[in-house]
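Trainee: Provided below are the primary sequence and the corresponding predicted coordinates.
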Amino acid sequence: MSRVCQITGKRAMVGNNVSHSKRRVKRKFNVNLFRKKFYLPNEKRWVQLTVSASGIRTINKKGVVAAIQEAKEKGFIEKI
C-alpha cells in the first residue's frame with residue numbers, strides 16, 4: 001500500500017537536503033502515518049484506516065462517520 005492518508009489525501013513530498021556548503025541533494029518528506037482501527041457505531045463494526053496525524057485530528061474534530069464520508073466524496077477512500 002502506498003504511503004497516503006485515507007482521510008486527508010496527504011502523500012510524500014520531494015525536497016532537498018541542504019548542507020552547510022549549500023549543496024542540494026534530493027530527498028523525500030514522508031507523511032506521519034498510522035494504521036488505526038475506528039469503530040463505526042451505525043454499522044456496528046470496526047474499520048482499519050491508514051491515517052496521518054492530521055487525519056486523526058480531523059476525525060476527532062468531525063467524527064469518524066463524517067470524516068469517512070467526506071473522504072469518500074473526495075476520492076481518497078474507494079471502499080470500506
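Mentor: Thanks, I have the structure now. Numbers count the residues shown, from 1 in each chain.

Trainee: Lys22: neighbouring residues, count only.
Mentor: 7 (other CB atoms under 10 Å). For every residue, glycine as well, the C-beta is placed using N, CA and C.

Trainee: sorry, that was for Gly9
Mentor: 15.

Trainee: what do you get for Gln69?
Mentor: 13.

Trainee: buried stuff in stretch 38-54?
Mentor: By 16 or more other CB atoms under 10 Å, the buried positions in stretch 38-54 come out as 38, 49-52.

Trainee: is it possible to export the residues you listed to JSON lines including pLDDT?
Mentor: JSON lines is the format used below for those (pLDDT from 0 to 100):
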{"residue": "Phe38", "pLDDT": "97"}
{"residue": "Leu49", "pLDDT": "96"}
{"residue": "Thr50", "pLDDT": "96"}
{"residue": "Val51", "pLDDT": "97"}
{"residue": "Ser52", "pLDDT": "97"}
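
Trainee: the helices in the chain, which residues?
Mentor: 53-62, 64-74 (DSSP state H).

Trainee: Val65 and Asn42 touch, don't they?
Mentor: Yes: the pair Val65 and Asn42 qualifies as a contact (CB atoms under 8 Å) at a distance of 6.4 Å.

Trainee: that older thread, among the buried residues of stretch 38-54, which one lies nearest to Ser2?
Mentor: Thr50 (9.1 Å; CB to CB).

Trainee: Surely the closest one is in contact with Asn32?
Mentor: No: using CB under 8 Å, Thr50 makes no contact with Asn32, being 11.3 Å away.

Trainee: Output the below-cut-off pLDDT ranges for the protein.
Mentor: Along the chain, the model assigns pLDDT under 70 to residues 1.

Trainee: what's next to stretch 68-80, contact-wise?
Mentor: Stretch 68-80 has contacts (CB atoms under 8 Å, 6 or more residues apart in numbering) with 4-9, 40, 47, 49, 62.

Trainee: Is it possible to get a markdown table of those residues that adds distance to Val18?
Mentor: Putting the contacts of stretch 68-80 into a markdown table (distance: CB to CB, whole Å) gives the following:
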| residue | distance to Val18 |
| --- | --- |
| Val4 | 26 |
| Cys5 | 27 |
| Gln6 | 32 |
| Ile7 | 31 |
| Thr8 | 27 |
| Gly9 | 28 |
| Leu40 | 45 |
| Val47 | 41 |
| Leu49 | 35 |
| Lys62 | 37 |
